[in-house]
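Chemist: Prediction below, plus the sequence it came from.
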Amino acid sequence: MKLTRTQKLWMFEKMVESRHFENLIKPAYFEGKQPVFNMAKGPLPGEMHLSDGQEPCAVGVCAHLRPCDAVTATHRPHHIAIAKGVNLEAMASEIFGRANGLSGGRGGHMHLFDKDVNFCCSGIIAQGMGPAVGAAMAAKLRGKDDVAVAFIGEGAANQGAFHETLNLASVWNAPVVFVVEDNAYGISVSKRSATAIERNADRACAYGMPGIFVPGNDPDRVFEAARDAIARARSGQGPSLIEIETIRLEGHFMGDAESYRPEGEKDALLTRDPITLYRTRLENEGVTPSTLDVIEATAKDRITAAFAHARQSPAPSPEDAFTTVFA
């Protein structure tokens with residue numbers, strides 16, 4: 001399948017939606033946390049991990065997925081959730097802890113779950129890999145051509161679950177694709193300091209599956225790599241591993257001082273903003289600026305409406321703390 005203009009515009013639209021979602025989270029998160037930062041205060045207590053800069057990883061992969069395909073994501077999940085089609089109003093409400101959120105406000109931003117599009121995420125490193133293989137095998141045993149995709153960070157590639165899951169996926173010939181979002185940092189530790197090899201994609205061959213490295217944080221290149229890997233899974237040829245070179249434009253979490261970054265690194269990353277670069281590419285390919293302006297405005301309006309809905313939604317009643325939990 002060749003990448004069409006319609007698909008490119010969809011990827012641009014979803015990247016803009018994701019970025020505006022994060023841009024609205026930033027001021028909301030710091031409400032009540034200033035002048036002295038206290039993570040427990042405000043309408044969004046706890047940690048908050050933003051995905052600014054990593055949008056190409058999500059759109060390039062999810063462009064090939066159906067609602068019935070399963071996706072598991074990480075503690076930095078918003079871009080993937082949006083690209084997979086998670087309900088925006090329910091997602092925003094969940095992050096604000098509202099009763100009409102995806103899980104009634106119980107999960108928060110690191111534990112989003114939308115059964116309608118088979119999306120979930122977890123704050124535990126590499127935790128989504130096993131469930132993705134389980135979902136893939138369930139589809140296979142039912143005789144379906146559905147696939148599963150597990151997104152992880154490059155730090156998760158050093159976890160035992162990574163190696164165990166890749167091995168089992170290959171043994172079972174599971175229709176699953178593993179996607180490593182390599183933003184060069186595991187919290188505050190650089191990949192160079194924590195990982196013995198330069199490319200995690202090179203680890204795939206040890207488990208009998210293809211390993212593909214996608215440089216440049218490029219949505220089109222991610223689309224092409226994901227197209228082949230997902231088609232391979234759907235046709236019964238088994239798992240693949242895709243490693244995507246990406247960038248994290250924010251800290252590990254909101255409030256991160258980022259003192260571990262070398263001087264000048266952050267400014268250099270901002271010049272590589274994938275949304276700005278992709279818009280320029282689309283214009284060079286003949287898409288008019290007015291067309292892109294409309295796409296941006298419409299995408300931002302959807303996100304703004306979702307946040308307004310969340311803020312106006314009711315909080316759960318105290319009694320709900322004892323429902324929908326394991327007894």
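Modeler: Structure's in. What do you need?
Chemist: Now do residue 54 against residue 83, distance only.
Modeler: Per CB to CB, to the nearest Å, residue 54 is found 11 Å from residue 83. To be clear about C-beta, it is placed using only N, CA and C from the backbone, and glycine gets the same treatment.
Chemist: okay, and the common contacts of these two?
Modeler: Counting by CB atoms under 8 Å, 6 or more residues apart in numbering, residue 54 and residue 83 have no contacts in common.
Chemist: Nearest to the middle of this protein, which residue? Look it up for me.
Modeler: Nearest to the centroid of the C-alpha atoms of the chain, with distances taken as CA atoms, centre = their mean, sits residue 80, at 3.1 Å.
Chemist: Quick check: it is in a strand.
Modeler: No. Residue state for residue 80 (DSSP: H, G, I helix; E, B strand; the rest coil) corresponds to helix; a strand is not indicated.
Chemist: does it really touch residue 151, like I thought?
Modeler: Yes. Between residue 80 and residue 151 there is a contact at 5.6 Å, judged by CB atoms under 8 Å.
Chemist: so what sits against both of these two?
Modeler: Overlap between the contact sets of residue 80 and residue 151, as judged by CB under 8 Å, 6+ apart, is given by 57, 58, 71, 73, 74.
Chemist: Select the longest helix from the protein.
Modeler: The helix of greatest length in the chain, counted in residues with DSSP state H as the criterion, is given as helix 5-30.
Chemist: elements contacting it?
Modeler: The criterion is 3 or more CB pairs under 8 Å, 6 or more residues apart in numbering; DSSP states H and E, and the helices and strands that helix 5-30 contacts are helix 55-62, helix 78-84, helix 88-95, helix 219-234, helix 274-284, helix 289-312.
Chemist: Try it again at 7 Å.
Modeler: Contacting helix 5-30 under the criterion 3 or more CB pairs under 7 Å, 6 or more residues apart in numbering; DSSP states H and E are the following elements: helix 55-62, helix 78-84, helix 274-284, helix 289-312.
Chemist: Now do the contacts for the residue nearest to the centre of the chain.
Modeler: 58, 71, 73, 151 (CB atoms under 7 Å, 6 or more residues apart in numbering).
Chemist: In strands, which of these appear?
Modeler: 71, 73, 151 (DSSP state E).
Chemist: want to throw the residues you listed into TSV with distance to residue 297?
Modeler: As requested, the ones in strands among the contacts of residue 80 are exported to TSV (distance: CB to CB, whole Å):
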residue	distance to residue 297
71	28
73	27
151	29
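Chemist: so how many other residues sit close to the nearest residue to residue 88 once chain neighbours are set aside?
Modeler: With sequence-adjacent residues excluded and distances taken as CB to CB, 6 or more residues apart in numbering, residue 88 is closest to residue 306, at 4.0 Å. Other residues within reach of residue 306 by the criterion other CB atoms under 10 Å amount to 22.
Chemist: One more: residue 251?
Modeler: As a burial measure, the neighbour count of residue 251 was computed by other CB under 10 Å and equals 19.
Chemist: cool, residue 322 as well?
Modeler: 8.
Chemist: before we move on, what about residue 259?
Modeler: Burial of residue 259 is recorded as 7 neighbouring residues (other CB under 10 Å).
Chemist: How about residue 93?
Modeler: Counted with other CB under 10 Å, the burial measure for residue 93 works out to 26 neighbours.
Chemist: I'd assumed residue 310 was in contact with it.
Modeler: Yes. Residue 93 is in contact with residue 310 according to CB atoms under 7 Å; the separation is 4.3 Å.
Chemist: pLDDT of stretch 289-299, averaged?
Modeler: The average pLDDT within stretch 289-299 is 98.
Chemist: Report the buried residues of that stretch.
Modeler: Within stretch 289-299, the residues scored as buried using 16 or more other CB atoms under 10 Å are 292, 295, 296, 299.
Chemist: could those be laid out in CSV, adding distance to residue 281?
Modeler: Formatted as CSV, the entries for the buried residues of stretch 289-299 read as follows, by distance: CB to CB, whole Å:
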residue, distance to residue 281
292, 11
295, 14
296, 15
299, 18
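Chemist: do you know how far the closest residue to residue 169 other than its chain neighbours is from residue 175?
Modeler: Spatial nearest neighbour of residue 169, excluding adjacent residues (CB to CB, 6+ apart): residue 239 at 4.3 Å. Distance of residue 239 to residue 175, computed by CB to CB: 7 Å.
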